[in-house]
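Undergrad: The amino acid sequence is not available; the structure is as follows:
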């Protein structure tokens with residue numbers, strides 16, 4: 001089975017690097033972005049299986065990005081990664097079609113969330 005392709009999106013370069021380092025042994029990292037405005041085009045160009053998307057980006061929030069991806073028919077599964085641990089944020093993510101939501105305080109759960117999403121499930125921290 002070919003490796004699951006990931007597009008990582010976070011405006012913090014240290015977190016992007018940590019994510020790539022943490023996930024590279026299990027998944028194929030096809031791109032790293034720090035801007036929400038780039039995600040739709042890069043998703044078309046790179047065709048990731050999963051987009052790991054920060055909720056709080058500098059130029060636009062992850063919910064706006066997810067809405068744009070959904071409206072554009074992007075088939076990639078979206079997993080939100082966020083410092084925001086409030087139930088309202090988690091609910092909003094799933095309303096937008098997310099397949100997972102992982103707290104940054106529990107980043108070690110991200111690989112499990114990705115595997116769950118790829119298998120057709122939903123990873124919910126609540």
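TA: Alright, I've got the coordinates. Computed from a predicted model, the values in this text were never measured in an experiment.
Undergrad: sec struct for residue 3, please.
TA: Of the three states, residue 3 takes coil under DSSP: H, G, I helix; E, B strand; the rest coil.
Undergrad: show me the contacts for it.
TA: The contact partners of residue 3, by Cβ atoms under 8 Å, 6 or more residues apart in numbering, come to 26-28. All C-beta atoms are positioned from the backbone trio N, CA, C, and that covers glycine.
Undergrad: Pick the one among these closest to residue 57.
TA: residue 27 (21.3 Å; Cβ to Cβ).
Undergrad: my guess is the closest one contacts residue 4, does it?
TA: Yes: with contact defined as Cβ atoms under 8 Å, residue 27 reaches residue 4; the gap is 4.9 Å.
Undergrad: Would you mind telling me which of the two has the busier surroundings?
TA: Between residue 27 and residue 4, counting by other Cβ atoms under 10 Å, residue 27 is the more crowded of the two (23 against 18).
Undergrad: who touches the residue nearest in space to the middle of the chain in this structure?
TA: Closest residue to the average C-alpha location of the chain: residue 52 at 1.6 Å, with Cα atoms, centre = their mean. The contact partners of residue 52, by Cβ under 8 Å, 6+ apart, come to 6-10, 19, 79, 81, 110, 114.
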